[in-house]
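**Q** model this:
(chains A, B, C and D)
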Protein chains: 2
Amino acid sequence: MEAPQANIPSRLDRIETPTSNQGVGERQRERILRAATLVFSRKGYDGARVEAIAQKAGIPKGNVLYYFKSKKALYRIVIKQVLSLWLEALGNVSEEGNPEEAIRQYVNRKLALSRNHPEASRLFAMEVISGAPIISDHLSGELRRWVEEKGRIFKKWQEAGLMAKIDPAHAFFMIWAVTQTYADFEAQIQAVTGVTNYDQEIYSDASGEVVDALVRALGLKRDQRCSVQSA
Amino acid sequence: MEAPQANIPSRLDRIETPTSNQGVGERQRERILRAATLVFSRKGYDGARVEAIAQKAGIPKGNVLYYFKSKKALYRIVIKQVLSLWLEALGNVSEEGNPEEAIRQYVNRKLALSRNHPEASRLFAMEVISGAPIISDHLSGELRRWVEEKGRIFKKWQEAGLMAKIDPAHAFFMIWAVTQTYADFEAQIQAVTGVTNYDQEIYSDASGEVVDALVRALGLKRDQRCSVQSA
DNA sequence: ATCAAAGTTGACCATTCGGTCAATTCAGGT
DNA sequence: ACCTGAATTGACCGAATGGTCAACTTTGAT
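**A** Next up, the predicted model:
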């Protein structure tokens, strides 16, 4: 009797496995993953208790270990899921068209991610703060290439005088820092502002101002009056 | 036989305690605090092992518990020490004088803090990400008042047309986010940039660009050409 | 109805870790 | 030299926790 290998739910064998109460397992797996993301994001890997995850998923602990062969395996899957969400949200910074519009769109997308998946953002942050023991390969691989690629677009904009001369990588670090702060530092922002309904009050206030501020920071302007033209 | 209450090393009784090998205890306490800050900042509270702290301090575990009555007590002291460092660095945003200069100075001070005490920054971040269970009082007390106070200065600048009209609190969130990202997300930035000597290469590159960018973001300009004057 | 595989459950085990303690050493005052 | 309190150390303990397991239930196919 082997616990099913805890691999990413393969969309393939969902249907064709002939003999099995199919679907039940999938649903449970996702239940567990959701619960695990939540618990891990608040307590970190070591602070999270399998029991707590089980409880949040509404099932006994033994059942969690039936679907995922170990706590570490579960964590790996959760963190990779979070990572792919994060990488996905990088999306495309479209080269063509107005730079300001492109960045506005990108920042808005990142803000939406923070708003809709704050636990994912927090978990990602914790991983990185801990030295990214699990995802460092992805960071120095996929992410690095992405930044290099998009950086070339920034360079072009800069040469055309449409953007301030900032090292593109640092421009991204800045955007990420600001947008993620609204998820990761929720507790601090909540404490300082005293809002009662974080999600609604903060994001409606912030999104406009933050996008504008970042556009200014990067020296992007539709009209040329203020664009940084230091050649 | 009681372990000495693990209070903040009081600078007072360092000299005058007549009978005791004075000084030895203080030095050990500080040793332990340094080690604890380091370990906690990487592993979080639960991930940190007392044994690991002891090892990093070069003493047996029992000795750590001799100076601090429990792991939790040690953590509390470390985190409060970190918090006061953080609050201290808030310093004064001087009302008088050139707004741009004031902010430049402030951002530079925060950057220096990230550079010189990255572990402190990371530990603070972890606390907040976890919901700030220990320091939330301070955040909604001292920090909130500080932001309110300094916010009034920003308001004045804004009314005088010297600063973009951003909610002052969010202006601070932005500054903090950007400056801390260089400590907290070191692993990510290191991976993306591929630098070998983080401390030197990154900060020398970043500090100038980051300060400029933030000045732009807040719409602060010495010369009026580009200042946001939307009355 | 019967069967087999998948899923569920709580009891149980081994390990790890925070914390205690008694024994010992160390340092300074007399 | 001797005494006293502080400091050091390693052995030890109990609680908590990740993980296993065997008994049991459910589900769908024939």
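
**Q** how many neighbours does residue A:88 have?
**A** 10 (other Cβ atoms under 10 Å in any protein chain shown). Every residue, glycine included, has its C-beta placed from N, CA and C.

**Q** Oh, that last question was meant for residue A:70, not what I typed.
**A** Residue A:70, neighbours per other Cβ under 10 Å, totals 12.

**Q** OK, contacts around it?
**A** Under the criterion of Cβ atoms under 8 Å, 6 or more residues apart in numbering or on different chains, residue A:70 has no neighbours.

**Q** And it, its phi and psi?
**A** Dihedral pair for residue A:70: phi -160, psi 160, per degrees, to the nearest 10.

**Q** how close does it sit to DNA strand D?
**A** Distance, residue A:70 to DNA strand D, by Cβ to the nearest atom of the strand, to the nearest Å: 3 Å.

**Q** any idea how far chain B is from that residue?
**A** Here residue A:70 is placed at a distance of 17 Å from chain B (Cβ to the nearest Cβ, to the nearest Å).

**Q** With residue A:43 instead?
**A** 7 Å.

**Q** Verify the stated contact: that residue with residue B:47.
**A** No - judged on Cβ atoms under 8 Å, residue A:43 makes no contact with residue B:47 at a distance of 9.6 Å.

**Q** These two: who's more crowded?
**A** Counted by other Cβ under 10 Å, residue A:43 and residue B:47 do not tie: residue A:43 has more neighbours, with 20 against 17.

**Q** buried sites along the helix or strand containing the more buried one?
**A** Per DSSP states H and E: residue A:43 is located in helix A:24-47. By neighbour count with 16 or more other Cβ atoms under 10 Å in any protein chain shown, helix A:24-47 contains the buried residues A:25, A:28-29, A:31-33, A:35-45, A:47.

**Q** Could you check how sure the model is about it, as an average pLDDT?
**A** The pLDDT scores in helix A:24-47 average 93.

**Q** That helix near DNA strand C anywhere?
**A** Yes - Helix A:24-47 is in contact with DNA strand C by Cβ under 7 Å from any atom of the strand, via A:24-25, A:28.

**Q** burial count for residue A:90?
**A** Using other Cβ under 10 Å, residue A:90 is surrounded by 18 other residues.

**Q** Quick check: it vs residue A:84, distance?
**A** 11 Å (Cβ to Cβ, to the nearest Å).

**Q** Quick check on residue A:219: phi, psi?
**A** Given degrees, to the nearest 10, the pair of backbone angles that residue A:219 has is phi 70, psi 30.

**Q** pretty sure it contacts residue B:216?
**A** Yes - the criterion here is Cβ under 8 Å, and residue A:219 meets it with residue B:216 at 6.2 Å.

**Q** hey, what's in contact with both of the two?
**A** residue A:164.

**Q** Neighbour count: these two, which is higher?
**A** residue A:219 (27 against 23).

**Q** and the spatially most central residue of chain A, what helix or strand is that in?
**A** By Cα atoms, centre = their mean, chain A has its centre lying nearest to residue A:86, at 3.3 Å. According to DSSP H and E, residue A:86 maps onto helix A:71-90.

**Q** Using CSV, write out the CA atom coordinates for that helix.
**A** Extracted in CSV, the C-alpha atoms of helix A:71-90 (Å, rounded to 0.1, in the frame of the first residue of the first chain):
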residue,chain,number,x,y,z
LYS,A,71,5.8,17.8,5.3
LYS,A,72,8.8,18.8,3.3
ALA,A,73,7.4,17.4,0.1
LEU,A,74,4.2,19.3,0.8
TYR,A,75,6.2,22.5,1.3
ARG,A,76,8.2,22.0,-1.8
ILE,A,77,5.0,21.7,-3.9
VAL,A,78,3.4,24.7,-2.2
ILE,A,79,6.4,26.9,-2.7
LYS,A,80,6.8,25.9,-6.3
GLN,A,81,3.2,26.6,-7.0
VAL,A,82,3.6,30.0,-5.4
LEU,A,83,6.8,30.6,-7.4
SER,A,84,5.0,29.8,-10.7
LEU,A,85,2.2,32.2,-9.7
TRP,A,86,4.8,34.9,-9.1
LEU,A,87,6.7,34.2,-12.3
GLU,A,88,3.5,34.1,-14.3
ALA,A,89,2.6,37.6,-13.0
LEU,A,90,5.8,38.9,-14.5
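
**Q** contacts for that helix?
**A** Helix A:71-90 has contacts (Cβ under 8 Å, 6+ apart) with A:6, A:8, A:32-33, A:36-37, A:40, A:45, A:48, A:50, A:53, A:64, A:68, A:109-110, A:113, A:117, A:120-121, A:123-124, A:127, A:134-135, A:138, A:142-143, A:146.

**Q** ok, which of these also contact chain B?
**A** A:45, A:143 (Cβ under 8 Å from any Cβ of the partner chain).

**Q** Just the buried residues out of the contacts of helix A:71-90, in ChimeraX syntax.
**A** Applying 16+ other Cβ under 10 Å to these, the buried members can be selected in ChimeraX as follows:
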select /A:6,32,33,36,37,40,45,48,50,53,64,68,109,110,113,117,120,121,123,124,127,134,135,138,143
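
**Q** The contacts of helix A:71-90 in helices, which ones?
**A** Counting by DSSP state H, the part of the contacts of helix A:71-90 found in helices is A:32-33, A:36-37, A:40, A:45, A:50, A:53, A:64, A:109-110, A:113, A:120-121, A:123-124, A:127, A:138, A:146.

**Q** so what pLDDT did residue A:67 get?
**A** For residue A:67, pLDDT reads 96.

**Q** number of nearby residues for it?
**A** 19.

**Q** ok, and the closest non-adjacent residue to it?
**A** Distances taken as Cβ to Cβ, 6 or more residues apart in numbering or on different chains put residue A:29 closest to residue A:67, at 5.4 Å, once the chain neighbours are dropped.

**Q** For residue A:36, see how far away that neighbour is.
**A** For residue A:29 relative to residue A:36 (Cβ to Cβ), the value is 10 Å.

**Q** Would you confirm that residue A:103 contacts residue A:94?
**A** No - assessed by Cβ under 8 Å, residue A:103 is found out of contact with residue A:94, at 10.2 Å.
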